[in-house]
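Enquirer: have a look at this prediction, sequence included:
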Amino acid sequence: MERTIERLLFFAAITSAGLTLLIFIFMVILGLPLIGEGRFFSLLTTPWSPSHDLFGIYPMIIGTLSIAFLAMRFSVPLSMGCSVLVTLYADSTLSRFLSGLIRLMTGIPTVIYGFTGIFLIVPFIRQIFQNGSGMCILSASLLLAVLIAPTMILFFTDSFNRVPAAYTLAVDALGGTRAQKLFYVILPHSIRGILSGMVLALGRAMGDTLIALMIAGNAVAVPTSVLDSARTLTAHIALVIAADFDSIEFRTLFACGIVLYGFTTLLILIIRGLSTEKEEVP
Amino acid sequence: MKAATIEKLTAVYAWTCGILLVGIVGGILGYLFYRGWPGMNLSLIFGDTSPVAAILLRQPVFNGLFPAIFGTLVLVLLSVSIAVPLGIAAGIYLAEYAGQKARHIFGMIFDILAGIPSIVIGLFGFSVAVFLHHHFSDRIQPCLLISALSLAFLVLPYLIRTTQVAIEDIPRHTRITGTALGASPLQNIIHVLIPHSLGGILSGVVLAVGRCAEDTAVIMLTGVVASAGVPRSLMGGYEALPFYIYYISAQYTNEAELTSGFSACIILILLCASLFGMAFWIRRRISARLLYRH
Amino acid sequence: MKKSRHQIWQPVLITLIYTGILLIPVTLFADTATPLSTFKGMAGTIKIAGGTAHIPVMKEAAQRIMKTNPDFRITIAGGGSGVGIKQVGEGLVDIGNSGRTPTDEEIAKYGLKLFKWAVDGVGIVVNPENPVKKLNRQQVKDIFAGKITNWKALSGPDRPINVYTRDESSGTRSVFWKKALEKGDIIGSANFVVSNGAMKTAIANDPYAIGYVSVGHIDKSVSPVAFDGVIPTFETVKNGTYPIARGIYSNTKGEPGPLTRQFIDYLFTPEGQAMIAQKGFVPVR
């Protein structure tokens, strides 16, 4: 009976792991005709224009990277500031309240951000910049930054709290200010945690579909400014899924899938590399 | 610069960020409630049909959110019932039976699964449906079942991880007490580990439920449609609340529909927030109770 | 340790029971149908997908039919004309709507049967605040190709023109591209929207937008633009003076089954045609 249960549990674990690999395998098999014709790599660098027989996903790669990185540029300082507030500058009731609030924020679905973004952010951006339709990289990045902030804040706060009390109390004993504690003790000690949090948030930003789909405009040209309409790999999948599934158009979706899978795997490996280097000694 | 000035600047920066974030989210939620509250009434959900007839499934509901809400509930129920046994089992395996190396490899693979964008999982679900349609049976197509399976893949890594962490968080002496007294690993799991980690496991389940309820990308590709009534068959189309919101945002035909979109947002947020709050509450209540039992 | 037969079969048995339990919801919910004949297998259900222009008519017809026959279930999805043709051809839906005539290859490949129940136009629209109300063909081509980029070149406000277009699967797009643009280019930086409804919403929300939409969908939220002197309205499409017109089709794979037939027949009844006219399309009868 013992062995049976162990076997069952192992079976569960293996199935789950197998699924992960299966997803990748499916992408590759269905995208195989592309790879076979040697077109896969050219797909990564050419533009998208089906009427001219061009099926490259390069503009989408640029779209994904621009929106994700711009969102990070907005979100990282914001999240850092909030974590500092929660761990250092707020008193304990406010701190707990904020933590709870932020935890609740992680539950807000992306479609909600997209929906309000259309009616709040898009006209706002259009008015301010007097250029373009408001559906652009900038609008999408702003919303995406708000989406990924709560997760990053929780991560940062967690890392800050892991700093051994011995060190933080030592700073207090020496008469240091909170800012000094932050810059000289907490930050250096939590670098790994901070980086992991950032990489995780980046992964989330690159993988988000709804915000980009509803707000970034979905144009097919390579964007040249943050006020340009752009299409991400994820939005592209959502848009083209309607096409003929024996066509080259459709198969490019698997190229998108492979690229996304590859990006996120890379990010995950980076995180794991960062976190296994040194174990905390309590 | 003087230490005092740096201290002041840092404080100002931290407070600004905090106020900014809370302000932004408060603004978004406030706007939603402002636009959506006027539309919150029974006819939002049931259209012209009487609520009793609609709930008993005797009459179809048009122009109401009931099919979408029902669809989301059925979908969530299905996907969670597939994912929970698998996820908890795998989590227990990793926490109790796996060796160091296995734990490392599985951990990496599940992290990758957790990181896969939801649309890629949707794409996978869709391709499986198409593959089966061509090679096995003509009746298989993107439908409720395929969506539920895909959503199960989506939340699986979270379930595995929360179960694993919940068990590993049990203090070492408690974990080995059972086996030290002569119980088999299985008896240890059933009588000691699971009761102690129940809080964590349950909150993981509730979080998975929340994740399934709010996801749009996966269901968009695997079978949700704009108009289908209440789901009657596993192999058929269905409606869902997040998809309704997405659909309305792009294609509302009049003010009333737009308001209903905002109201749907309110319903969805309330749903997710309450699931979240419940997860948190379960965690705290169950662990506290167990802790103080002896 | 040597495994007895007992120990090998136990896990297998337990796995089977586990899977069996999972399948109980399947049997509770599944259609009581056989995969044999196409129409019997879908007893009581009609699946419709395809052109987004058709959706208001489909929804109204579905509502009427379902009110009088509560056992009928009609599911409606969008996706565009390309999707409609493809899905009906693959047997995934019963009716595939298209806003363009299916090509000969498509008809041959899937064995499609066409039912044209209305004629519709594709009109160029701008935001109601926009003073520009008429354009000639060359101007239209230049705007969509990106050669004219500011409204002031057309005596409008001094603002860049925001072009909106549809995805490749769209019948509305393909008709517009062929008949209005004469297969000219559409600028790569145009915003993409996924349906007629979405196009309307986008134009209504952006004062400097221009796009194209089914004439049946045009209402007060957007402003039609005269094309070579002809305003796209129900009347001009009906009497043929508006050149950018297309048939509205519902296609089936081979002969439609009895339920599907019943649905399609309804569209051709006087009551059905009146409903179609009321939705803004020109009925064929």
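Expert: All right, it came through fine. Nothing here was measured: the structure is a model prediction, and the numbers come from that model.
Enquirer: list the contacts of residue B:91.
Expert: B:159-164, B:166-167, B:201 (CB atoms under 8 Å, 6 or more residues apart in numbering or on different chains). Every C-beta, even on glycine, is put in place using the N, C-alpha and C of the backbone.
Enquirer: poorly predicted segments of the stretch 1-150 of chain A, please.
Expert: A:34-40, A:51-53 (pLDDT under 70).
Enquirer: around chain C, pick out the residues from it.
Expert: Counting by CB under 8 Å from any CB of the partner chain, the residues of the stretch 1-150 of chain A close to chain C are A:1, A:3-4, A:7-8, A:11, A:47, A:49-51, A:59, A:118, A:122-123, A:126, A:130-135.
Enquirer: count of residues packed around whichever residue of the stretch 51-200 of chain C sits closest to chain A?
Expert: Residue of the stretch 51-200 of chain C nearest chain A, by CB to the nearest CB: residue C:188 (2.9 Å). Counted by other CB atoms under 10 Å in any protein chain shown, the residues lying close to residue C:188 total 16.
Enquirer: what separates the closest residue to it other than its chain neighbours from residue B:284, distance-wise?
Expert: Residue nearest to residue C:188 in three dimensions, not counting chain neighbours: residue A:221, with 2.9 Å by CB to CB, 6 or more residues apart in numbering or on different chains. Counting by CB to CB, to the nearest Å, the gap from residue A:221 to residue B:284 is 52 Å.
Enquirer: tell me which of these two has more neighbours.
Expert: residue A:221 (20 against 12).
Enquirer: which residues in chain C form strands?
Expert: In chain C, the segments counted as strands under DSSP state E are C:45-50, C:73-79, C:95-98, C:112-126, C:134-135, C:162-166, C:191-193, C:209-214, C:223-227, C:245-253, C:282-283.
Enquirer: so, low pLDDT: which residues of the stretch 1-150 of chain B?
Expert: If you take pLDDT under 70 as the line, the stretch 1-150 of chain B has these spans: B:1, B:58.
Enquirer: do stretch B:97-109 and chain C come into contact?
Expert: No - against chain C, stretch B:97-109 shows no contacts by CB under 8 Å from any CB, the least distance being 14.2 Å.
Enquirer: pull out the buried positions in that stretch.
Expert: The neighbour-count check on stretch B:97-109 (16 or more other CB atoms under 10 Å in any protein chain shown) flags B:97-98, B:103, B:106-109 as buried.
Enquirer: which ones among those also lie next to chain A?
Expert: B:97-98, B:106-109.
Enquirer: quick revisit: could I get the contacts of residue B:91 as JSON lines with secondary structure, distance to chain A and pLDDT?
Expert: Below are those laid out as JSON lines (DSSP: H, G, I helix; E, B strand; the rest coil; distance: CB to the nearest CB, whole Å; pLDDT from 0 to 100):
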{"residue": "B:159", "secondary structure": "helix", "distance to chain A": "9", "pLDDT": "90"}
{"residue": "B:160", "secondary structure": "helix", "distance to chain A": "6", "pLDDT": "90"}
{"residue": "B:161", "secondary structure": "helix", "distance to chain A": "11", "pLDDT": "87"}
{"residue": "B:162", "secondary structure": "helix", "distance to chain A": "14", "pLDDT": "87"}
{"residue": "B:163", "secondary structure": "helix", "distance to chain A": "11", "pLDDT": "88"}
{"residue": "B:164", "secondary structure": "helix", "distance to chain A": "10", "pLDDT": "87"}
{"residue": "B:166", "secondary structure": "helix", "distance to chain A": "15", "pLDDT": "85"}
{"residue": "B:167", "secondary structure": "helix", "distance to chain A": "12", "pLDDT": "86"}
{"residue": "B:201", "secondary structure": "helix", "distance to chain A": "14", "pLDDT": "85"}
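Enquirer: most widely separated two among those?
Expert: Among these, the pair separated by the greatest distance (CB to CB) is B:159 and B:167, at 12.6 Å.
Enquirer: those two: which is more packed in?
Expert: Neighbour totals were compared for residue B:159 and residue B:167, and residue B:159 leads with 28 against 22 (other CB under 10 Å).
Enquirer: without its sequence neighbours, what residue ends up closest to the more buried one?
Expert: residue B:87 (2.8 Å).
Enquirer: what helix or strand is that neighbour located in?
Expert: Applying DSSP states H and E as the criterion places residue B:87 in helix B:66-92.
Enquirer: flag every buried residue along that helix.
Expert: B:66-72, B:74-76, B:78-80, B:82-92.
Enquirer: how about stretch C:209-227?
Expert: Of the residues in stretch C:209-227, those buried (16+ other CB under 10 Å) are C:209-218, C:221-227.
Enquirer: what does stretch C:170-185 give?
Expert: C:170-177, C:179-181.
Enquirer: then stretch A:178-194?
Expert: Using 16+ other CB under 10 Å as the test for burial, stretch A:178-194 gives A:178-182, A:185-187, A:189-190, A:192-194.
Enquirer: need the residue closest to the centroid of chain C.
Expert: For chain C, the residue nearest the mean C-alpha position is residue C:51 (1.4 Å; CA atoms, centre = their mean).
Enquirer: so it sits against residue C:82, correct?
Expert: No - look at residue C:51 against residue C:82 with CB atoms under 8 Å: they stay out of range, at 9.3 Å.
Enquirer: shared neighbours, the two?
Expert: In contact with both residue C:51 and residue C:82: C:98, C:171, using CB under 8 Å, 6+ apart.
Enquirer: can you list the residues of the stretch 51-200 of chain B near chain A?
Expert: B:85-87, B:89-90, B:92-94, B:97-98, B:106-113, B:115-124, B:126-128, B:130-131, B:153, B:156-157, B:160, B:184-186.
Enquirer: what about the residue in the stretch 151-294 of chain B that chain A sits nearest to, neighbour count?
Expert: In the stretch 151-294 of chain B, no residue comes nearer to chain A than residue B:214, which is 3.5 Å away by CB to the nearest CB. Neighbour count of residue B:214, defined by other CB under 10 Å: 22.
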